[in-house]
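> following is a predicted model, sequence given first.
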Amino acid sequence: MRPFERRISRRAMLARTAQVAATAAVASTLHDPQASAIESEATSTAVWDMHGHLTGVSGTPEERITQLLTYADRMGIEKVIIFLGFGREHEPSPEQFRRDNDVLLRALDQARDRALGFVYLNPKFTDESLKELDRCVRDGPMVGVKLWVALRCHDERLDPIVERATELKAVVFQHTWLKTTGNLPEESTPSEIAQLAARHPNATLIAGHLGGDWERGIRSIRASQNVYAGISGSDPTAGMVEMAVRELGAERVIYGSDFGGRSLASQLAKVYGADISQEAKRLILGGNIRRLLRPILTAKGMTL
Ligand SMILES: [Zn+2]
């Protein structure tokens with residue numbers, strides 16, 4: 001064979017190889033359960049509520065989650081993400097946050113297919129928080145971290161917790177507010193979560209409540225690509241979701257209600273009534289949180 005013929009022949013062989021590889025890729029997409037899960041995630045219209053608590057109802061953790069899920073059923077919500085137990089201490093001691101998380105674990109156990117949980121921590125107690133993160137997320141069923149008002153979130157004491165959460169592929173939900181009446185001493189603002197995000201570009205962070213004063217909140221996190229906007233809580237003010245979509249993109253806006261402190265209907269109405277596309281609504285109501293949780297759910301062998 002002359003060199004030229006050999007080149008042609010090699011080219012033909014490479015083309016054939018590429019064709020075989022492409023056919024195999026299509027075949028594996030059709031038969032690989034992982035690939036079909038990604039496919040269905042990209043089109044699913046299921047509603048997930050990413051922010052709720054075991055409040056507004058009474059009884060044991062099992063009775064409360066059961067009751068809350070009947071409300072969710074009524075509103076067409078497939079899954080809920082819950083955090084905090086019965087205590088709701090602003091600055092919980094390690095003993096208190098462990099007790100809160102034990103309550104949550106009972107509720108999660110009762111509603112395995114319907115509820116996911118985030119572990120509640122206090123970053124002022126680094127070692128105890130890391131141990132609790134390991135207990136509930138690494139070794140337990142929880143899939144994220146909830147940080148509330150124990151310490152403002154730009155504080156470097158959050159770093160070890162966010163680093164460990166990122167290693168575990170866990171989502172970090174940070175309550176943020178800009179109250180016109182003034183924040184609590186250790187209550188975080190959206191610009192403080194932007195500072196935290198700059199130190200942890202690989203972390204997945206959600207700024208809860210869009211900061212309350214949402215026009216400033218949205219602008220504060222706009223440049224932080226790994227910060228997502230939780231739209232839970234506050235009144236369903238006209239223009240809020242529209243501005244979040246316009247400034248951040250629909251893929252960075254996430255529905256949550258903050259039940260039972262807020263009604264599911266009023267919080268869902270923020271999205272259903274917004275002047276945005278159907279695809280944007282699908283992402284906000286469930287597509288985005290499923291995408292963010294997919295790595296940890298996959299690592300844990302849990303289904304979406
Ligand atoms: Zn809440």
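Here it is on my side, so go on. As the structure is a prediction and not an experimental result, all values here were calculated from the model.

> shouldn't Ile289 be in contact with Val80?
No. Counting by C-beta atoms under 8 Å, Ile289 does not reach Val80; the two are 10.8 Å apart. Just so you know, the C-beta spots here come from the backbone N, C-alpha and C atoms, and that holds for glycine as well.

> pull up the overlap in contacts between the two.
By C-beta atoms under 8 Å, 6 or more residues apart in numbering, Ile289 and Val80 have these common neighbours: Trp48.

> check the offset of stretch 135-143 from the chain's centre.
Distance of stretch 135-143 from the chain centroid (C-alpha atoms, centre = their mean, to the nearest Å) equals 15 Å.

> can you list contacts of it?
81, 101, 104-105, 108-109, 112, 116-119, 144-145, 165, 168, 170-171, 293, 296-297, 300, 302.

> ok, Thr123 touching Val149?
No, residue 123 isn't Thr; it's Pro. No. Here Pro123 does not reach Val149: they are 11.2 Å apart, not a contact under C-beta under 8 Å.

> ok, now which ones touch Ile161?
121, 123, 126, 129-130, 133, 145, 147, 172.

> swap in 10 Å and give it another go.
119, 121-123, 126, 129-130, 132-133, 145, 147, 170, 172, 203 (C-beta atoms under 10 Å, 6 or more residues apart in numbering).

> show me how to select, in ChimeraX, the buried members of those.
Selection of the buried residues among these in ChimeraX, burial being defined by 16 or more other C-beta atoms under 10 Å:
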select :119,121,122,123,129,130,132,133,145,147,170,172,203
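
> switch the contacts of Ile161 over to a markdown table; also include pLDDT and distance to Ala223.
Putting the contacts of Ile161 into a markdown table (pLDDT from 0 to 100; distance: C-beta to C-beta, whole Å) gives the following:
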| residue | pLDDT | distance to Ala223 |
| --- | --- | --- |
| Val119 | 98 | 29 |
| Leu121 | 98 | 27 |
| Asn122 | 98 | 29 |
| Pro123 | 98 | 24 |
| Thr126 | 97 | 29 |
| Ser129 | 98 | 28 |
| Leu130 | 98 | 29 |
| Glu132 | 98 | 32 |
| Leu133 | 98 | 28 |
| Val145 | 98 | 23 |
| Leu147 | 97 | 21 |
| Ala170 | 98 | 24 |
| Val172 | 98 | 18 |
| Ala203 | 98 | 16 |
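
> what's the closest of the contacts of Ile161 to Gly261?
Distance to Gly261 across these (C-beta to C-beta) is lowest for Leu147, with 17.5 Å.

> that closest one: what's its closest spatial neighbour, skipping adjacent residues?
With sequence-adjacent residues excluded and distances taken as C-beta to C-beta, 6 or more residues apart in numbering, Leu147 is closest to Gln174, at 4.9 Å.

> low-confidence ranges, the stretch 1-150 of the chain, go.
1-39 (pLDDT under 70).

> run through the strands of it in chain order.
Assigned by DSSP state E, counting those that start in this stretch, the strands in the stretch 1-150 of the chain fall at 47-52, 77-82, 115-120, 144-147.

> do the stretch 201-304 of the chain as well
205-211, 227-230, 253-254.

> with only the CA atoms kept, save the second one in CSV.
Included here for strand 227-230 are C-alpha records, laid out as CSV according to Å, rounded to 0.1, in the frame of the first residue of the first chain:
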residue,chain,number,x,y,z
VAL,A,227,-25.4,32.0,44.4
TYR,A,228,-29.0,31.1,43.7
ALA,A,229,-32.0,33.2,44.7
GLY,A,230,-34.5,31.6,47.0
